[in-house]
Structure formats: structure tokens, C-alpha cells
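[1] A predicted structure for the sequence below; I have some questions about it.
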Amino acid sequence: MLDRSELTFYNHGDVKSFPKIEFYNSGNVYFKIICNDVELVLPTLTEGQVVVDFDKGMAVQNNKIIPSIGEWAEVFPGKNKVSVYGDYINGKLFMRSLYF
């Protein structure tokens with residue numbers, strides 16, 4: 001069974017946006033991110049830094065693009081929730097909000 005962590009956060013922007021998530025994978029071969037009921041699976045095969053950029057639709061680990069399965073989530077104005085399944089260290093969520 002994979003470890004699960006959950007974060008509820010608020011987007012103060014006026015339109016939907018695409019976050020960026022960075023974490024250090026400690027050797028898990030399967031990693032899943034669910035943001036607002038949209039699921040993205042990353043088969044991370046090695047240990048190392050992982051950057052998931054939802055705006056670019058790209059996941060990079062140790063300077064190599066890794067394949068992904070699923071959809072790239074959007075963050076809506078207001079309350080949002082992200083759940084992460086996998087064994088990771090020091091995860092960070094970077095918001096990209098737009099104000100009018």
C-alpha cells in the first residue's frame with residue numbers, strides 16, 4: 001500500500017491555473033497525484049528529484065522526461081484539494097494564480 005498525504009489549499013486568483021509540484025522520490029516505482037478528482041500516475045523508476053509541471057504537461061526526474069498516465073489537473077479559484085500517493089520527501093506545491 002502506498003503512503004498517502006492530502007493538502008487542502010485556496011487559490012486566490014480569478015481564473016483556473018496550473019500548479020507545479022516538486023518532491024524528492026525515495027525510490028518508489030509508482031506515484032499518483034489526484035488534484036480535484038483528476039488523476040495523474042507517474043511511474044518513477046529511480047530515486048531523485050521530480051518536478052511535475054501541470055502548465056507544461058510534463059514530469060521531469062533527474063533531468064529526464066518521465067512518462068505519465070492520466071490527465072493534467074487544473075486548480076480552480078477557491079478551495080482545492082490535492083492527494084499524493086507514494087513515498088516522497090520534502091514535497092512543495094507552487095501556485096500560479098492570475099488576478100484581474
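    Sure thing, it's come through.
[2] give me the residue at the spatial middle of this protein.
    The residue lying closest to the centre of the chain (C-alpha atoms, centre = their mean) is I21, at 4.5 Å.
[3] now whatever helix or strand it lives in: buried residues?
    Here I21, judged by DSSP states H and E, is contained in strand 20-25. Buried residues in strand 20-25, counted by 16 or more other C-beta atoms under 10 Å: I21, E22, F23, N25. In short, each C-beta sits where N, CA and C put it, glycine included.
[4] can you show me the strands along the protein?
    Assignment of strands within the chain using DSSP state E yields the ranges 4-11, 20-25, 31-35, 38-42, 48-53, 58-61, 64-66, 69-70, 78-85, 88-94.
[5] quick one: average pLDDT of the shortest one?
    For strand 69-70, the mean per-residue pLDDT is 92.
[6] swap in the first one?
    Along strand 4-11, the predicted local confidence has a mean pLDDT of 87.
[7] that one pairs with which strands?
    strand 78-85 (antiparallel) (DSSP bridges).
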